[in-house]
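> Model the structure of this input:
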Amino acid sequence: MITKLHFKKYSIKDFFIVLSVILLSKSLYYESYGANILLVGFLFFLMLITNFNYFKIDKIVLFYVFGMFTLLLLNIDTNYRSFMVLINRILIAILVIYLITFERFSKAFIDIIIVLSVISWFSWLVILLDIPSFLPDFTGIDDRPLRNFIFFGVWENFINYKTFRNSGLWWEPGAFQIFVNLAFIFALINKVITIKKYFIFLITIVSIKSTTGFLVFYLLSFIYIKQSFSFNKKNILYLGFFLMLLSVSFIYLTPFIYDKFDIDSNSFVSFLSRYYDLLVSVNMFIDNIFIGYGYGSQIEKAIPYGENLIGYDLYHLIKPTGSDGITMFISQIGIVGFILIVPLLFPKYISHLDVLDQIVISISLFLMFNTENFTFTLIFTVLTFYGLIKNKINYKKRIL
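Numbering: from 1, shown residues only. Sure, this is the predicted structure:
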């Protein structure tokens with residue numbers, strides 16, 4: 001998968017750094033083998049390989065960090081343990097964007113996710129045949145055991161109830177789709193998407209069975225169509241076949257998507273949990289509009305608030321999990337949080353694309369990061385910092 005051509009575009013060191021960013025963003029390795037301690041170790045590693053004689057931080061990044069720190073320290077309800085972990089992530093992100101250009105970062109990211117995606121398809125075989133693993137179980141974010149197959153994990157309930165969903169190296173399918181769709185976005189940005197890569201992403205998204213994941217993938221597919229197909233006779237046939245396969249995939253997932261909104265379905269609980277997450281965050285933002293209710297204080301503040309807003313019994317029956325990453329971030333930070341989120345949703349690294357493509361990518365990023373709580377992860381911080389700086393992307397337009 002990782003060809004010699006790609007290694008000319010990024011080094012082995014780059015590859016290791018990007019792989020580390022991926023694995024330290026709430027993967028099963030992160031959750032099972034040290035969590036925030038691993039972040040400290042990664043920071044020391046980056047410091048060792050950084051030549052500080054030539055080290056320079058972009059002014060806009062410094063301004064962003066200073067503004068965020070000032071805002072957090074003004075709020076006495078800020079959770080300082082979460083604040084210290086944030087400082088660690090910020091230092092790592094500063095070194096990452098110094099050591100690797102966005103182009104090299106994104107191309108290494110694509111290759112890594114393609115490999116993880118293809119191998120993760122075997123998780124369906126594990127579920128079907130109840131294949132055991134002789135390795136110690138992974139431990140999910142909620143302490144659930146997942147069978148350890150090195151490149152992917154499988155939740156025991158998926159095996160017991162024959163639920164054919166692919167979680168990859170994350171605790172649930174919805175988290176995995178973020179990385180698959182990010183790889184798709186990066187391939188579109190660099191204009192290195194091919195039919196082979198597209199169908200690897202498509203098969204993986206179908207195997208994940210995430211409503212948000214497929215919706216985002218469907219939106220991004222329109223950029224791929226626009227980039228890749230000119231309207232001649234040959235390409236119209238390609239386009240027709242391509243749209244047919246995309247439609248078949250949508251039809252296949254339709255019953256699963258419908259279940260999310262069916263009040264009699266178990267999947268409805270997932271939808272309702274996310275709805276309550278959004279409801280709690282919006283109401284807490286209104287009540288603490290200027291400086292928020294406190295960064296990292298979801299357990300101390302949001303849970304009691306939600307119990308009062310929704311009702312104790314109903315709250316604990318549905319169990320909101322704080323999955324609305326962006327709206328929760330803004331409700332914790334306050335109204336300035338809208339500004340702090342701009343580099344993630346409207347990053348400079350997409351500025352070379354058409355306006356319509358930029359809008360689709362921005363909507364996709366919002367949907368992805370507001371249905372899973374990744375605002376407290378390394379990938380969120382790294383992408384925000386890349387979004388602040390101008391990275392030149394070199395590409396050759398691919399002709400089918």
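
> just so I have it, where are all the strands in the protein?
In the chain, the strands defined using DSSP state E lie at 138-139, 145-148, 153-155.

> quick one: which of these is nearest L24?
For the strands of the chain, the distance to L24 is smallest for strand 138-139, at 14.8 Å, taking Cβ to Cβ. Using the backbone N, CA and C atoms, a C-beta is placed for each residue, glycine as well.

> In its sheet, which strands sit next to that closest one, and in what direction?
Using DSSP bridges, strand 138-139 pairs in its sheet with strand 145-148 (antiparallel).

> T139 touches G153, doesn't it?
No: counting by Cβ atoms under 8 Å, T139 does not reach G153; the two are 9.5 Å apart.

> got the contact list for the residue nearest to I22 when sequence neighbours are not counted?
In this structure, I22 finds its nearest non-sequential neighbour in I112, 6.1 Å apart by Cβ to Cβ, 6 or more residues apart in numbering. I112 sits next to F15, V18, L19, I22 when contact means Cβ atoms under 8 Å, 6 or more residues apart in numbering.

> Please indicate which of those are buried?
F15, V18, I22 (16 or more other Cβ atoms under 10 Å).

> Next, the contact list for the last one, please.
If you count contacts by Cβ under 8 Å, 6+ apart, I22 has them with F109, I112, I113, F179, I379.

> Look up how far S297 lies from it.
I22 is 28 Å from S297, where distance means Cβ to Cβ, to the nearest Å.

> same deal with the first one?
In this structure, F15 and S297 are separated by 37 Å, where distance is defined by Cβ to Cβ.

> Compare neighbour counts for T139 and G153 and give me the winner.
The neighbour comparison of T139 against G153 (other Cβ atoms under 10 Å) goes to G153, with 31 against 17.

> Surely that one is in contact with I141?
No: between G153 and I141 there is no contact under Cβ under 8 Å: 11.6 Å.

> Overlap in contacts, the two.
Common contact partners of G153 and I141 (Cβ under 8 Å, 6+ apart): W171.

> For K197, give me its contacts.
K197 sits next to I110, I114, A187 when contact means Cβ under 8 Å, 6+ apart.

> Could you report the pLDDT at it?
What the model reports as pLDDT for K197 is 95.

> Could you check how far it is from L278?
According to Cβ to Cβ, K197 stands 33 Å off from L278.

> cool, and L86?
L86 is 23 Å from L278, by Cβ to Cβ.

> Name the residue in the two with the higher neighbour count.
L86 (20 against 17).

> Surely the more buried one touches Q332?
No: L86 is beyond contact range of Q332, at 11.3 Å (criterion: Cβ under 8 Å).

> list the residues that contact both of the two?
Counting by Cβ under 8 Å, 6+ apart, the residues touching both L86 and Q332 are Y295, G296.

> Contacts only, for the residue nearest the centre of the chain.
In the chain, the centroid-proximal residue (Cα atoms, centre = their mean) is I178; its distance is 3.5 Å. Contact analysis of I178 by Cβ under 8 Å, 6+ apart lists G213, M368, F369, E372, F374, I379.

> Just give me the closest of those residues to I205.
Nearest member of those to I205, counting by Cβ to Cβ, is G213, at 5.3 Å.

> Wait, the closest one touches G174, no?
Yes: G213 is within contact range of G174, at 6.9 Å (criterion: Cβ under 8 Å).

> quick one, which of these two is more surrounded?
G213 (26 against 22).

> and the more buried one, what does it touch?
For G213, the contact set (Cβ under 8 Å, 6+ apart) comprises P173, G174, Q177, I178, V180, N181, I205.

> could I get those as TSV with distance to I389 and pLDDT?
Converted to TSV, these look like this (distance: Cβ to Cβ, whole Å; pLDDT from 0 to 100):
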residue	distance to I389	pLDDT
P173	32	94
G174	29	92
Q177	27	97
I178	22	97
V180	25	98
N181	23	98
I205	30	95
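
> Show only the entries of those residues found in helices.
Among the contacts of G213, the residues falling in helices (DSSP state H) are P173, G174, Q177, I178, V180, N181, I205.

> Could you pick out the buried ones from those residues?
P173, G174, Q177, I178, V180, N181, I205.

> Tabulate those residues in CSV, adding columns for distance to R165.
Converted to CSV, those look like this (distance: Cβ to Cβ, whole Å):
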residue, distance to R165
P173, 5
G174, 10
Q177, 11
I178, 15
V180, 13
N181, 16
I205, 12
